[in-house]
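1. sequence and predicted structure below; questions after.
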Amino acid sequence: MNLFFLAWRNIRYYQQVSLAISMGVTIAIALLFLGLMVSWGVERGLETYRARLGADLLVAPREVKGNMESIFLLGKSEKQYFNGKIVDELRSLKGIKRISPQVFLESVAASCCSAGYVFIIGYDPKTDFTLLPWISLRERGKIGKDDAVVGANIIQPVGFFLRFYGHRFKIVAQLDRTGVGFYDNAVYLPIETVYKMAQESKVKPEIYDLNLKRGWISTAFIELEKGVNAQEIEGKIKRRYPNLETVKAIGLVKKVKEELPRLQRYFFIFISFVSVALFFLITIVFYLFNQMRRREHGLLRALGGRKMDLLTLVLLEGSLLILFGSFAGIILALTIKHLFYRWVIFTLKMPLLYPSLSLQLLGMMISTTLILVIGLVGAFYPAYLIANEEPYESIRFSG
Amino acid sequence: MKVSDSAAKTLVWAENLSKVYETPFGKIEAVKKVNLEVKKGEFVSIIGPTGSGKTTLLNLIGGLTVPTEGLIFIDGCYLGGLGDEEISRFRGEKIGFIFQFASLIPSLTVLENVCLPSFLLRKRSKEAILTRAKMLIERVGLSGNEASLPFCLSGGEQRLAAIARSLINQPELILADEPTGDLDEETEVKVIDLLHQLNYEEKITFILVTHNLKLAARGNHLFEMREGKLTERDKGNL
Amino acid sequence: MVKQKQILLSSLLIILGILVIFGPIYLFPVCQYKGMMIEVKKGGFAPMKCTYTARAEIILGILTIVIALMLMIARESESRRLLNILFLILGVLVILVPTWIIGICMSPTMPCRYGTLPFLELMGGLIIGVTLFNLVSEL
């Protein structure tokens, strides 16, 4: 028997108080850890997104103005199309290096329970420069008209078949996770095949009419020549085609990037609030808990326990409870992090890619250490009071 | 038995002992200039009405509180000169306490409670402690209850366990503060018999605080405490 | 001692029951409460699968609360064990209703899939966790 044993027995004996303290710690740790993961995750997501986007300018119909982020970040497609001939016209515009069209199929939300359940994008294999560079050459070489490239959220693996609008597609490649719905929920099909499906949808009675005319597109990705002013090109496009809207790719990222410090500031305020609240909670609970056990502590002193023994015992009890709470908190946080991944993306409207395993471990250590320090500082004062009281005073106290 | 020959060594020596409490309602002088000498092997009883300062005196002797004035020597050692570390060790080694209330640690079993002072002292091996604890539990008649938690025991059984605990470190002095206060008559006699038996067989010195005059009269010396003052009483007058 | 712990754990389960009832409606609403319905050919609107899941969860939530109240007053350890086993079944059902028994919308962009489903999985997991703790600590 030693102080550790005694602390353990006390924790088990005073189960309700122990449970209450541990649960408080569990919630605090889970909040801290999740906050860190989201904050770091958005940073990582933004970096990946910027790298993946590849284009400088995006062109879309005027009607979707204001929804650009929900399209290109969340992957919520809009059923607005414009004539693809414009792409060929723009190609000749000075300053544009590459341009490639994409067509998004009907918003999956409206047909969730019947046909497709993902974001279907038709791309032009001949001109594409945003998707194909991310696929290895070997896979690129064998992409046929009924082959699909899928985002990370699609559960079927490479080699399996998907069925959309009465067509069967073979998955030939899967993209890495980006944390951006636009990429992760997408199924990329050759644009010609998409037009064919749209045509068929008019005659096949079991399929909704996709309402997409051959040659019409949803967006065009533009890469500019080096040194060209994007603003200038945007102006030219808008003047020439008043029904089109343009957005700078960097602007999409920038907008989120500007919001990130605000998110992190909220997170910092939130951490401070949680920490202060936890500090007071632990101090008060420990104070009341130890007050309740004053006689017990006085007895320990009368039976030969030193001040240091008592202080160690009380702090040991606190540390054990905090460690149990931390363990449960980390497990809870990992579960929530995993389960609510997409919910966070949709709620924050920001790309989110959780940090690497080593950073996650670091996050666990930071949150546990922070709470342990706060908890022990909070527990120290009541423990110090008890240890410095005359044993007779503590014993006289009748609870 | 009478231990009054001058050759017997003094175990407790208190001189001019006073204790004043500061309360929101003013000062309370619980113990007033008390002088007391207890020799080794004696059984001393202290009687007195509630609030007369008996418990405070016992706690002063046990080093659980510091006197406002006066000196206490236990076995020649001046308590006022000891630091926390030393006085804790001294208490653990020399003094056993039996309190007037249920004083077992509620989270520990009877066996663990009895062992506790020895573990706090960190002097003997685990095996030696356990062997002695089991022997003491048997001696106070609690065999079979080693693994029970205190709340499973009756008031009398808890008191017996506390007696076993007070003996674990083989103390020279046991301070018993109304150890039978809330017990029925039969158990009360059983407990006091046990204390006298220990006094006789193991030559442990006892200072017993009680309300019960009949029980108090069985000691070598009888003191009465009134309004903080201690006077020796003749047992013949009882 | 047992009594106080029983009250604490029963209260926790009651809170979880309330969350199971109101979560799919207010906290992490299914599609219907976000104004999403299927447009049927005749021109009307019909609720989607997830709506029925939310309704089934209301029943499971009420059952959780009722059984938690019974657990709060149960005296015999045998009846407590029985109630705990019922909780285990309820916890599993809370998870199985949206994933298997009724299901929810298929699209990953639907609120029921990215919000309600993980919420119900978490609630079911917590009910099972609390119950297991309860069962183990009574051994």
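-> Everything's here; your move. From a predicted model like this one, the values you see are computed outputs, not experimental measurements.

2. for B:Glu93, what is the enclosing helix or strand?
-> B:Glu93 is located in helix B:84-94, with elements delineated by DSSP states H and E.

3. before we move on, what about B:Asp193?
-> Here B:Asp193 sits within helix B:185-202, counting by DSSP H and E.

4. is the helix or strand following that helix positioned near chain A?
-> Towards the C-terminus, the helix or strand next in line after helix B:185-202, according to DSSP H and E, is strand B:205-209. No. Counting by CB under 8 Å from any CB of the partner chain, chain A has no neighbours in strand B:205-209; the shortest distance is 13.9 Å. Where C-beta positions appear, they are placed from N, C-alpha and C, glycine not excepted.

5. tell me the buried residues in whichever helix or strand comes after strand B:205-209?
-> Following strand B:205-209 in sequence order, the next helix or strand is helix B:213-216 (DSSP H and E). Buried residues in helix B:213-216, counted by 16 or more other CB atoms under 10 Å in any protein chain shown: B:Leu215, B:Ala216.

6. what's next to helix B:213-216, contact-wise?
-> The list of residues contacting helix B:213-216 from outside it, by CB atoms under 8 Å, 6 or more residues apart in numbering or on different chains, reads B:Ser45, B:Ile46, B:Ile47, B:Thr180, B:Glu188, B:Val189, B:Ile192, B:Leu208, B:Thr210, B:Leu222, B:Leu238.

7. what's the closest non-adjacent residue to the third one?
-> If you skip the residues right next to it in sequence, B:Ile47 has B:Ala216 as its closest partner in space, 4.9 Å away by CB to CB, 6 or more residues apart in numbering or on different chains.

8. counting by contacts, list what the helix ranked longest in chain C packs against.
-> In chain C, taking DSSP state H as the definition, the longest helix is helix C:49-73. Helices and strands in packing contact with helix C:49-73 are listed as helix C:2-22, helix C:77-96, helix C:117-138; criterion 3 or more CB pairs under 8 Å, 6 or more residues apart in numbering or on different chains; DSSP states H and E.

9. one step back: what's the average pLDDT for the helix holding B:Asp193?
-> For helix B:185-202, the mean pLDDT works out to 87.

10. quick one: buried residues of it?
-> B:Thr187, B:Glu188, B:Lys190, B:Val191, B:Ile192, B:Leu194, B:Leu195, B:His196, B:Leu198, B:Asn199.

11. cool, stretch A:188-199 as well?
-> A:Tyr188, A:Leu189, A:Pro190, A:Ile191, A:Thr193, A:Val194, A:Tyr195, A:Lys196, A:Met197, A:Ala198.

12. could those residues go into CSV alongside secondary structure?
-> Conversion of the buried residues of stretch A:188-199 to CSV gives the following (DSSP: H, G, I helix; E, B strand; the rest coil):
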residue, secondary structure
A:Tyr188, strand
A:Leu189, strand
A:Pro190, strand
A:Ile191, helix
A:Thr193, helix
A:Val194, helix
A:Tyr195, helix
A:Lys196, helix
A:Met197, helix
A:Ala198, helix
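
13. please list all residues in contact with A:Ile143.
-> Here A:Ile143 is in contact with A:Pro125, A:Val149, A:Val172, A:Ala173, A:Pro190 (CB under 8 Å, 6+ apart).

14. which one (most neighbours) among the residues you listed?
-> Neighbours here are counted as other CB atoms under 10 Å in any protein chain shown. On that basis the top member of those is A:Val149, with 26 neighbours.

15. for that one, helix, strand, or coil?
-> At A:Val149, secondary structure determined by three-state DSSP is strand.

16. partners of the residue lying closest to it once chain neighbours are set aside in the sheet?
-> The spatially closest residue to A:Val149, leaving aside those adjacent along the chain, is A:Tyr188, at 4.2 Å (CB to CB, 6+ apart). On the basis of DSSP bridges, A:Tyr188 takes part in beta bridges with A:Ile121, A:Val149.

17. list the contacts for A:Tyr188?
-> With CB under 8 Å, 6+ apart, A:Tyr188 has these contacts: A:Ile121, A:Gly122, A:Tyr123, A:Leu131, A:Ala148, A:Val149, A:Val150.

18. let's go with 7 Å and repeat that
-> Listed by CB atoms under 7 Å, 6 or more residues apart in numbering or on different chains, the contact partners of A:Tyr188 are A:Ile121, A:Tyr123, A:Leu131, A:Ala148, A:Val149.

19. closest one of the contacts of A:Ile143 to chain C?
-> Nearest to chain C among the contacts of A:Ile143: A:Val149, at 17.1 Å, using CB to the nearest CB.

20. which residues touch that closest one?
-> Neighbour list for A:Val149: A:Leu131, A:Ile135, A:Val172, A:Ala173, A:Leu175, A:Tyr188 [criterion: CB under 7 Å, 6+ apart].

21. count of neighbours near the second one?
-> It refers to A:Ile135. If you count neighbours by other CB under 10 Å, A:Ile135 ends up with 17.

22. what sits against it?
-> Neighbours of A:Ile135 in contact, by CB under 7 Å, 6+ apart: A:Val149, A:Ala173.

23. can you pull out the low-pLDDT segments for the chain?
-> As the question left the chain open, I've gone with chain A. Counting by pLDDT under 70, chain A contains low-confidence ranges at A:74-77, A:106-117, A:137-138, A:206-207, A:397-399.

24. should've been chain C
-> Under the criterion pLDDT under 70, the flagged ranges of chain C are C:1-2, C:34-45.

25. coming back round to it: other residues contacting the helix holding B:Glu93?
-> A:301-307, B:62-63, B:74-75, B:77, B:79, B:82, B:117, B:120-121, B:169, B:171-173.

26. can you tell me which of those residues are in strands?
-> Under the assignment DSSP state E, these contribute B:Ile74, B:Cys77, B:Leu173 to strands.

27. how about the second one: which residues does it bridge to?
-> Just to be clear, that refers to B:Cys77. Here B:Cys77 sits in beta bridges with B:Ile74, going by DSSP bridges.

28. and the last one, by the same measure?
-> With DSSP bridges applied, the residues forming beta bridges to B:Leu173 are B:Ile95, B:Thr205.

29. any chance of the buried residues of helix B:185-202 in a markdown table, with distance to C:Thr99 too?
-> Conversion of the buried residues of helix B:185-202 to a markdown table gives the following (distance: CB to CB, whole Å):
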| residue | distance to C:Thr99 |
| --- | --- |
| B:Thr187 | 63 |
| B:Glu188 | 68 |
| B:Lys190 | 66 |
| B:Val191 | 65 |
| B:Ile192 | 71 |
| B:Leu194 | 67 |
| B:Leu195 | 70 |
| B:His196 | 74 |
| B:Leu198 | 70 |
| B:Asn199 | 74 |
